[in-house]
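Engineer: Pasting the sequence and the predicted model now:
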Amino acid sequence: MSKGLNYALVNKDLAIILGRGTCTDKHIVIPDEIEEHIVYAIDAYAFANDDALESVIIANTVTRIGRDAFKNCKKLKTVTASENTYLISRGIFSSCSNLENITLGSLKQLKTWMDKECFYNSNNIIKIEIKKG
């Protein structure tokens with residue numbers, strides 16, 4: 001689990017990831033919990049323009065990823081989300097020029113705005129896997 005991520009409390013039980021904060025990891029693992037608060041979302045623009053991010057694994061508790069959350073992450077190669085991640089917003093992987101592999105939640109639950117903006121200018125994608133469900 002990556003430590004030092006910037007987050008905000010939504011209520012007494014839930015947290016949302018706002019960005020990198022003091023975390024220096026190149027390979028970020030979004031945790032299930034931060035200080036006993038369940039991490040349920042990644043905010044819009046949370047990691048946008050992050051020059052160091054190479055991979056991200058998203059916890060089972062995260063159900064939503066906000067607009068442009070990983071936009072313009074030039075070194076990002078791999079993204080893995082659980083089958084519980086069902087809401088993927090516009091532009092989340094746009095201009096990720098080294099992105100090659102994406103694994104997303106089950107097609108049964110996936111609600112998304114995956115239009116041309118989602119992968120705009122991300123031309124190296126080799127594999128997009130959507131888990132059975």
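Structural biologist: Arrived safely.
Engineer: now the strands: where do they sit in the protein?
Structural biologist: 6-9, 14-19, 27-30, 33-34, 37-42, 55-58, 64-65, 78-80, 87-88, 101-104, 111-112, 127-130 (DSSP state E).
Engineer: is it true that residue 43 touches residue 21?
Structural biologist: No: look at residue 43 against residue 21 with C-beta atoms under 8 Å: they stay out of range, at 12.0 Å. No exception for glycine: its C-beta is placed from N, CA and C like everyone else's.
Engineer: what about those two, which has more around it?
Structural biologist: Taking other C-beta atoms under 10 Å, residue 43 and residue 21 do not tie; residue 43 has more neighbours (18 against 13).
Engineer: Could you tell me how many residues sit around residue 49?
Structural biologist: Residue 49: 13 neighbours (other C-beta under 10 Å).
Engineer: Contacts only, for it.
Structural biologist: Going by C-beta atoms under 8 Å, 6 or more residues apart in numbering, residue 49 touches 71, 72, 73.
Engineer: and residue 129, how many neighbours?
Structural biologist: Neighbours around residue 129, by other C-beta under 10 Å: 10.
Engineer: Show me the beta-bridge partners of it.
Structural biologist: Residue 129 has these beta-bridge partners by DSSP bridges: residue 103.
Engineer: I'd guessed it sits against residue 104; true?
Structural biologist: Yes: using C-beta under 8 Å, residue 129 is in contact with residue 104, at 7.1 Å.
Engineer: before we move on, back to that, out of the contacts of residue 49, which comes closest to residue 96?
Structural biologist: Taking C-beta to C-beta as the measure, residue 96 lies nearest residue 73 of the contacts of residue 49, at 5.2 Å.
Engineer: Would you mind listing the residues in contact with the closest one?
Structural biologist: Residues in contact with residue 73, defined by C-beta under 8 Å, 6+ apart, are 47, 48, 49, 50, 51, 53, 96, 99.
Engineer: could you measure it against residue 122, distance?
Structural biologist: Per C-beta to C-beta, to the nearest Å, residue 73 is found 10 Å from residue 122.
Engineer: cool, and residue 68?
Structural biologist: Between residue 68 and residue 122 the computed distance is 12 Å (C-beta to C-beta).
Engineer: low-confidence ranges in the chain?
Structural biologist: Applying pLDDT under 70 to the chain picks out residues 105-116, 131-133.
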